[in-house]
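Engineer: here is a sequence together with a model predicted from it:
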Amino acid sequence: MRGMPARELGFSLLEMVVAVAILGFSLGALYQAAGGATGIVRVDEQRSYAVELARSLIAVYAAVPREGLNQTGKTGGGFIWQVVAEPEVLPEGSVLQAGQLQRVNVTVSWEDGRKERKVSLDSVVAGRLEAR
């Protein structure tokens, strides 16, 4: 190493500053991507819960009064649900009686920061004569 000039023995201060700056930008981009992915996972988890809640409510209200139904509620996690059942319009000459088929709409909504998110499921269920 005796024949080499002193300036070729290592990195200059400017090269080190540029390397650290590139490293900082890269780590910042990775951090931002990881934070975005975490937010997406959270929203997907909430949406999955809302869908399962709506599906379970359709199962609970598999038979509703023939005159229809309008129920609402709120879970401990802040999910607000509504079940609306109305008699299905039957074609003329149908062998079914009015109210035997009910169109059910289940809506689950929740607050996600400043956004209100909503899931809505529709189904057709049996109408029953006796009240619940």
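Structural biologist: Yep, it's here.

Engineer: around A85, how many other residues sit close by?
Structural biologist: 25 (other Cβ atoms under 10 Å). All C-beta spots, glycine's among them, are computed from the backbone N, C-alpha and C.

Engineer: point me to the helix or strand that includes A59.
Structural biologist: helix 13-60 (DSSP states H and E).

Engineer: elements contacting that helix?
Structural biologist: Packing partners of helix 13-60 (3 or more Cβ pairs under 8 Å, 6 or more residues apart in numbering; DSSP states H and E): strand 80-87, strand 101-112, strand 115-128.

Engineer: buried residues in the helix or strand just after that helix?
Structural biologist: Counting by DSSP H and E, the element after helix 13-60 in chain order, helix or strand, is strand 63-65. Buried positions in strand 63-65, judged by neighbour count with 16 or more other Cβ atoms under 10 Å: V64, P65.

Engineer: next one: stretch 100-119
Structural biologist: For stretch 100-119, by 16+ other Cβ under 10 Å, it's Q100, L101, Q102, V104, V106, T107, V108, S109, W110, V119.

Engineer: that one spans what distance, first to last residue?
Structural biologist: Start and end residues of stretch 100-119 are separated by 26 Å (Cα to Cα, to the nearest Å).

Engineer: which residues does it contact?
Structural biologist: Stretch 100-119 has contacts (Cβ atoms under 8 Å, 6 or more residues apart in numbering) with 43, 46-47, 50-51, 53-54, 57-58, 61, 64, 66, 68-69, 77-88, 90, 120-127.
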